[in-house]
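Asks: give me a model of this one.
(one chain, ligands or ions: 2)
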Amino acid sequence: MLFYLFAKIAYFSQTNQIVCMVFLLPFLAIVAGYAGALWFQKTSANIAYLLAFSGAFLLSITFFELLPQAFEYGGKSVGVALLIGMLLQIGLDYFSKGAEHGHVHHDAPLNNFPLVLLISLSVHAFIEGFPVAHSQHVLLGVVVHKVPIALILSIYLLKANIRKIHTLLFLILFGCMTPLGTYLALYFSPILPYLNYINAVAIGVFLHVSTTILFESSKDHKFNSLKLMTILAGAILAFFL
Ligand SMILES: [Zn+2]
Ligand SMILES: [Zn+2]
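Replies: Residues are numbered from 1 along each chain as shown. Ligands and ions are numbered 1, 2, ... in the order given. Reported below is the predicted structural model:
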């Protein structure tokens, strides 16, 4: 009896822990990015390799896990949702100026709260939350992808002429968006029949973002063996997960 109780508690705390991780890790990725920004701001370290690794890792998990899963439950309509996701990300890029794949092009420093940037990043992060709900590998891929993005975004926000409290508010709101998507995928049952399509939209978003990262990471199309190794490492790691 006692053993049964212990087993039950252990099981409960274990599942609870996993649920906690699903919500906590994507948020912690933003915290890590911000902490990294405070650190790197002075040393101006090259994070291009981290970005290339994260792009390859996310793309590989999409190819190995998400894509086959999505097409298992649907044919052409899943393909349409995938395409919608890609087009959506192209649209979001117009507002975020590429912040989802690791750079922000604004010539002049900002003085106001960058609301348009926050909204476009939030839509992206919200959609990202759905496939995270049912795969720990996707969770890992999204977390690894978020760290360099949050780092670059934080550096940008810290350098832009906006108040520190606004920077923190921006990052906290942005950080809550992926867990919000995950929450809906897990506990909001009316969404269930559409979950595979929403995941397909997320796949489209991932494909656009990660291929753009890889495309942009080769500066002037020069061969960089270290970068190629980094990309291969990301892909191989994703394969053996
Ligand atoms: Zn770009
Ligand atoms: Zn993202």
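Asks: going forward, measure contacts and count neighbours with C-alpha atoms only.
Replies: OK.
Asks: against residue 205, how distant is the most centrally placed residue in the chain?
Replies: Note on the chain: the residue nearest the mean C-alpha position is residue 142, at 3.9 Å, using CA atoms, centre = their mean. Counting by CA to CA, to the nearest Å, the separation of residue 142 from residue 205 is 12 Å.
Asks: between these two, which contacts overlap?
Replies: Common neighbours of residue 142 and residue 205 are listed as residue 128 (criterion: CA atoms under 8 Å, 6 or more residues apart in numbering).
Asks: which residues touch the host helix or strand of residue 180?
Replies: Secondary structure assigned from DSSP states H and E places residue 180 in helix 164-187. With contact meaning CA under 8 Å, 6+ apart, helix 164-187 is reached by 22-24, 26-27, 30, 113, 118, 121-123, 125-133, 154, 157-158, 191-192, 195.
Asks: low-confidence ranges, this structure, go.
Replies: 1-15, 17-18, 42-45, 105-111, 220 (pLDDT under 70).
Asks: gap between the helix or strand where residue 119 lies and the chain center?
Replies: Secondary structure assignment for residue 119, by DSSP H and E: helix 115-132. Distance, stretch centre to chain centre, for helix 115-132: 9 Å (CA atoms, centre = their mean, to the nearest Å).
Asks: what inclination does it have with respect to helix 164-187?
Replies: Here helix 115-132 points in a direction 30 degrees away from that of helix 164-187 (axes from the mean of the first three to the mean of the last three CA atoms, to 10 degrees).
Asks: quick one: buried residues of helix 115-132?
Replies: 117-132 (16 or more other CA atoms under 10 Å).
Asks: what's the answer for stretch 89-105, then?
Replies: 89-90, 92-93, 95-104.
Asks: for this protein, what spans make up the helices?
Replies: Taking DSSP state H, the helices of the chain run over residues 2-43, 48-61, 67-72, 76-96, 115-132, 136-159, 164-187, 195-217, 225-239.
Asks: could you give the angle of the fifth one to helix 195-217?
Replies: Think helix 115-132. Using the same axes, to 10 degrees: helix 115-132 against helix 195-217 is 120 degrees.
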